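Undergrad: give me a 3D structure for the following:
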Amino acid sequence: MVVSDVVIQILSKLPPQSLLRFKSVCKSWYHLINHPKFVTKHLLDSFPHKHVLIKRALTNHSGKQELVFSILKFSLNGSVSIMDINLTFQEIDPLLELCGHSHGLVCLSDCDDAFLVNPMTRQFHKLPPSILIFRGCHHDDPDYYAAAAVTIGFGASCKSTFDMYHEGIFYWWGEGEPRISETDHIITFDMSEEIFGKVSLPESFDNKKHKIVLRVLNKSIVLFVYPYKSNETNIGTYETIIGTDETNIDIWEMEKDEFGVVSWSKLLTIDPPFGVEHPLLFVSCEELLMESSEGHVIMYNTATQLFKKLPIEGDVTYAKPHRFEAHDLFIESLLLVEERRDMINYDF
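TA: Residues are numbered from 1 along each chain as shown. Here you go, the predicted model:
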């Protein structure tokens, strides 16, 4: 039976979870939904519909940690729908970092292992190990070499919430060199001109007292600057960071003049209630997702200054400072992580 163009148009507008169920309707629908041309059409039709993806770990009733993706869809009237996808992959550590996503595929890694995952189709594929080689020191042998991956992505950033691509330029964290009194900064790379640059941080930022997150708001780059809450180890400098009594979260907006000179202006200061600590990202001009110390996702409205707890919880036993990892512009897709026999497919 030939599938009509009208049916194809209708099916291409449906979410992946519906299409995966509809594959069992008949053979013609099964072959259509699996066809590469339909997968591509469905992806193109999905581009206007971008959502927020939150990755977290939960402990189930048997005491094992599960990898959970939550997809947040925001309507024009301000309401939000949340779809949770629990993935019980024994091969993937739920605590792996979400390094980025593209076309509905997510990259998870701890630098030793890296996986591509499609949360919608519940497929994953482990990537081959890195082939990067560096010269190491082993028993004073100058000819000793070893392979190691210290980061995933562009820029070699040790701060996973800081590297970002925006309007043709990639931004990532740059550590200052104490020997020449250089302060921490932002490194930029113009992809079209292939030019590196350096951007200073707001003067109020203190690496001994503050954390920092790079995000986008209204097509402008913004910085979340907020205080450390407890003793932690700074991965970049391997030193102990002492907590502070500060609570305010400052949001700075990047501005460029006609000559391209960058400056920062304080856009907003948030004084969150007790227990609300980490900003995640803006989901609209006025709404900001935040993380609480009790393991909840909080939505804050900057206009009304009201906080709303969303039904998204993370594992409070998770020792990492951020138990939630949030990314915007996520697209639902049917793309396969790899067309090979060893690809594992988890059915609904």
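Undergrad: low-scoring stretches of the chain, by residue?
TA: Scanning the chain for pLDDT under 70 picks out the ranges 1, 132-151, 153-155, 157-161, 181, 229-246, 316-322, 339-348.
Undergrad: gap between His296 and Gly314?
TA: Relative to Gly314, His296 is positioned 8 Å away (criterion: CB to CB, to the nearest Å). (C-beta placed from N, C-alpha, C; glycine too.)
Undergrad: quick one: which of the two has more around it?
TA: Of the pair His296 and Gly314, Gly314 is the one with more neighbours under other CB atoms under 10 Å, namely 24 against 19.
Undergrad: I'd say the more buried one and Gly295 touch.
TA: Yes. Because the distance of 4.5 Å satisfies CB atoms under 8 Å, Gly314 is recorded as touching Gly295.
Undergrad: mind listing the shared neighbours of those two?
TA: Where contact means CB atoms under 8 Å, 6 or more residues apart in numbering, the residues bridging Gly314 and Gly295 through contact with each are Arg323.
Undergrad: in this protein, which spans are helices?
TA: According to DSSP state H, the chain carries its helices in the segments 5-11, 16-22, 27-34, 36-46.
Undergrad: separation between Leu20 and Ile85?
TA: Counting by CB to CB, the gap from Leu20 to Ile85 is 12 Å.
Undergrad: typo on my end, Ser18
TA: As judged by CB to CB, Ser18 and Ile85 stand 14 Å apart.
Undergrad: show me which of the two is the more surrounded one.
TA: Neighbours per residue, other CB under 10 Å: of Ser18 and Ile85, the larger number sits with Ile85, 14 against 10.
Undergrad: give the contact list for that one.
TA: Val68, Phe69, Ser70, Ile71, Pro119, Met120, Arg122.
Undergrad: let's go with 6 Å and repeat that
TA: Neighbouring residues of Ile85 by CB atoms under 6 Å, 6 or more residues apart in numbering: Phe69, Pro119.
Undergrad: same question for Glu253.
TA: So Glu253 contacts Ser220, Val222, Ser265, Leu267 (CB under 6 Å, 6+ apart).
Undergrad: let's see it at 10 Å
TA: Contact partners of Glu253, counting by CB atoms under 10 Å, 6 or more residues apart in numbering, are Leu217, Asn218, Ser220, Ile221, Val222, Leu223, Ser263, Trp264, Ser265, Lys266, Leu267, Leu268.
Undergrad: for the nearest residue to it once chain neighbours are set aside, give its distance to Asp110.
TA: Spatial nearest neighbour of Glu253, chain neighbours left out: Leu267 (4.4 Å); criterion: CB to CB, 6 or more residues apart in numbering. From Leu267 over to Asp110 the distance is 34 Å, taken as CB to CB.
Undergrad: again, but for His35
TA: Per CB to CB, His35 is found 35 Å from Asp110.
Undergrad: re earlier: where do the contact lists of Leu20 and Ile85 overlap?
TA: Between them, Leu20 and Ile85 have Met120, Arg122 as joint contacts when contacts are counted by CB under 10 Å, 6+ apart.
Undergrad: that older thread, residue contacts, the residue nearest to Glu253?
TA: Leu217, Asn218, Ser220, Val222, Leu223, Asp250, Ile251, Trp252, Glu253, Met254, Thr302.
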